[in-house]
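Novice: Fold the following for me, if possible:
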Amino acid sequence: MIDKQDIINELELDRFELFEKPHYSFAFDRRDFLKGFGLGIVFIVPITRALAQQRGESGRGAFNQSLPNDVGAWIHLDEDGRITVFTGKVEVGQNTRTTLTQSVADELHVPLSSVRLVMGDTDVVPFDMGTFGSRSTPTMAPQLRKAAAAAREMLIAMAADQLKVAPADLRILDARFVNHDKSKTLTLAEVAKGRKLVKVIPEDITITQPKDWMIAGTSVTKVDAKAFVTGAHQYTTDIQREGMLFGKVLRPSAFNATLVSADTKAAEAMAGVKVVTEGNFVGVASSDQQTATKAANAIVANWKAAPQPANAELFDLLRKPSNERRGGEGGGGGSRPQGSIAAGMAAADKKLEQTYTVAYIAHAPLEPRAAVAEWSGDKVTVWTGTQRPFGVRGELADAFHIPEANVRVIVPDTGSGYGGKHTGECAIEAARLAKATGKPVKLVWTREEEFTWAYFRPAGVIDVKSGVKNDGTITAWEFHNYNSGPSGLPIKYEIPNTDIRYHAADSPLRQGSYRGLAATANHFARESHIDELAQAVNVDALEFRLKNTKDERLRGVLTAAANKFGWGRTKPAANHGFGISCGFEKGGYVATCVEISLESPTGKEDPKNKRIRIVRVVEAFDCGAVVNPMQLKNQIEGSIVQAIGGALFESIEFKDGKILNPKFSSYRVPRFSDLPLIETVLVDRRDIPSAGAGETPIVGLAPAVANAVFNATGVRLRSLPLAPRGLEVKS
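Specialist: Numbers count the residues shown, from 1 in each chain. You can find the predicted model right below:
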């Protein structure tokens, strides 16, 4: 049996939101449930084996609940020959639905259209720890492949028995069983007809190797793409239930505020309005959204909040030791020191010591948080966009003091998450209003609520001290990350004396997972500093990196990106600059080359400063065997576009427990006019298992842009965002 605590201990410390205490706690109830299939054949993977492949994916709400003791994954072949695959993973725009469908179809030797994936419905799919950490491709895909491969062999044996031939004489071709000369055939439906069987997948199953893939490894179009582009797909906000009401929650005046009093008389006097108050929770429900909003605005609340810090104090605050521990020594992390920093510095011809900072930024997902909750007796069903359906199920059970068997969470394919939809506040709020009214309730957070009450990507301070010889050999590397997290801390540079650490801090704002976690901050500081070392000894930035790493895959992406970019073949034009960076995270290797230009400001930009425009980006990415080249290219391009905001202008401004820029009009995200020419180089390694690709491609842009700015101006920018109000360039 998998030890629950072992998996919890492997949870990435950057996922701060998964260590939070519950936000709500309401009243107590109970329920039983039954899951089943009709006729057909079910192929299952035992739960202990499934959990073993998901190490490192847990979080709050995953293990303070009872685990199912039956299966970890299953495939169902019904009497009509339809193949349905069940997984607890969810689709939040990363196209997991397509790549997992490709993997199953590839192993079963059936057309892609024959396979239907059921995702993220806690009543009908196997337990899963969550869709995060770029783990769906490296963990769930092999798991489903094993189930499909075993199903294929078992089905061939059953078909052979029906046809009275040897199993070795049969194969599956386009969803039909055929013998060597095609004189005997059976359909999948004919094999499944009249059966009700459960087959346990044996452990020693061999799956198809990447070099032999037929459907995986090709650029298959997104599954259900037509439904998304025509508007037929139903997001949580599109869900309708009979008698459904619309909810609105009254928000505190500041973070950590306590409700002193609430005058709800005006709201209660409105026709069809139900007001719900319990502790710090104040909400309303009505038959239409406008009335619900009007009623919430009519409530006069008195909140009490203590003074809280502002942006100006942030980085000094983060250097203070944390009062909380989350594993590791003092709640920190990093790699074991090696060699002697003092000796390494003594051996250096040049010494460098710098500090880099990273601001809080928001996820700004296309689809804000939303939930529809419906009670039936003592059972509740919630439709919501989350990356952790079973985690949210646990949170709902905790909030209402009911068994998890009484809770069903259904996740429609969701309009992006970026690590920001791991918690279930909106689901709990909708369920509380639905419980009080006795009717289904839909609750949709406004954009301002999303910017204010969701968690942020952590801010951080990073101190780097290093030494280098005149020939470009790095002799010492000391690296301290305060608060933003340990992801991306390990290095692939050959340095004999290192001390690399993460120090937990008490964040003034709620913080949590974001695409790439702290790997973006750590790569920004590391690759900016590497560039500074190269400049200090007058060595080309690409040559310097290649000199200090022996890692074959890192060298491979560096060379691929540089060749595509034309690094070293030309010099930048006037007011232009070139920059380069590289790195690795979650099994993927990335190298990024950038060209920037300095232009006159436009619109509301400061007329005294220059605007940094990213002209061209070339990014090479190696994530092992590529499952879907077109969709991988989309992931890389999307990561680069999202990274533009964090690199140049995204930053949360706060003071005294309030967010000062909680709207798109005041929080700058990338626009079409910001987009550069983007060129991707896919390093397809069919000899290496596939890694995830949703996060690592985001980490290379910021340092490459900072290095390009220095190349153009001689100005070294060490804070993200680099130029929220443009760049002051002295003439």
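Novice: What are the contacting residues of stretch 548-566?
Specialist: 472-474, 492-495, 530, 542, 545-546, 567-568, 578, 580, 582-584, 589-593, 595, 616, 618-622, 679, 681, 683, 685 (C-beta atoms under 8 Å, 6 or more residues apart in numbering). Yep, even glycine has a C-beta here, placed from its N, CA and C like the rest.
Novice: Near the spatially closest residue to T218 that is not a sequence neighbour, how many other residues are there?
Specialist: Spatial nearest neighbour of T218, excluding adjacent residues (C-beta to C-beta, 6 or more residues apart in numbering): N628 at 7.1 Å. N628 has 24 neighbours, counted by other C-beta atoms under 10 Å.
Novice: Confirm for me that V249 is in contact with N280.
Specialist: No. Here V249 does not reach N280: they are 10.4 Å apart, not a contact under C-beta atoms under 8 Å.
Novice: Same drill for those two, tell me which one is more crowded.
Specialist: The residue with more neighbours, out of V249 and N280, is V249; 21 against 14, by other C-beta under 10 Å.
Novice: hmm, which of the contacts of stretch 548-566 are the buried ones?
Specialist: Among these, those scoring as buried are 472-474, 492-493, 495, 530, 542, 545-546, 567, 578, 580, 582-584, 589-593, 595, 616, 618-622, 679, 681, 683, 685 (criterion: 16 or more other C-beta atoms under 10 Å).
Novice: What distance do you get for the residue nearest the centre of the chain to A285?
Specialist: Nearest residue to the geometric centre of the chain (C-alpha atoms, centre = their mean): G419, 3.7 Å. G419 sits 30 Å away from A285, taking C-beta to C-beta, to the nearest Å as the criterion.
Novice: Now E532: closest residue in space, sequence neighbours ignored.
Specialist: L352 (5.9 Å).
Novice: Point out where the stretch 201-350 of the chain drops to low pLDDT.
Specialist: Scanning the stretch 201-350 of the chain for pLDDT under 70 picks out 324-333.
Novice: which residues in it form strands?
Specialist: With strands called from DSSP state E, counting those that start in this stretch, the stretch 201-350 of the chain shows them at 245-249, 258-263, 274-278, 281-286, 300-304, 333-334, 350-358.
Novice: Reformat the ones you listed as TSV; add distance to L554.
Specialist: Shown next, in TSV, are those (distance: least, C-beta to C-beta, whole Å):
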stretch	distance to L554
strand 245-249	48
strand 258-263	51
strand 274-278	54
strand 281-286	50
strand 300-304	52
strand 333-334	20
strand 350-358	21
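Novice: can you map out the helices along the stretch 501-650 of the chain?
Specialist: 519-536, 541-547, 552-565, 629-648 (DSSP state H, counting those that start in this stretch).
Novice: Name the surrounding residues that touch the second one.
Specialist: Contacts to helix 541-547, defined as C-beta under 8 Å, 6+ apart, come from residues 472-473, 493, 530-531, 533-535, 537, 539, 555, 558-559, 562, 567-568, 579-580, 582, 707.
Novice: if we can go back for a sec, go through the helices of the stretch 501-650 of the chain and pick out the most buried.
Specialist: helix 519-536 (a mean of 26; mean count of other C-beta atoms under 10 Å).
Novice: I'd like the helices of the stretch 501-650 of the chain as a markdown table, with distance to L155 and mean pLDDT appended.
Specialist: Below are the helices of the stretch 501-650 of the chain laid out as a markdown table (distance: least, C-beta to C-beta, whole Å; pLDDT from 0 to 100):
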| stretch | distance to L155 | mean pLDDT |
| --- | --- | --- |
| helix 519-536 | 42 | 98 |
| helix 541-547 | 51 | 98 |
| helix 552-565 | 38 | 98 |
| helix 629-648 | 29 | 97 |
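Novice: Tell me which of these lies nearest to A175.
Specialist: helix 629-648 (23.7 Å; C-beta to C-beta).
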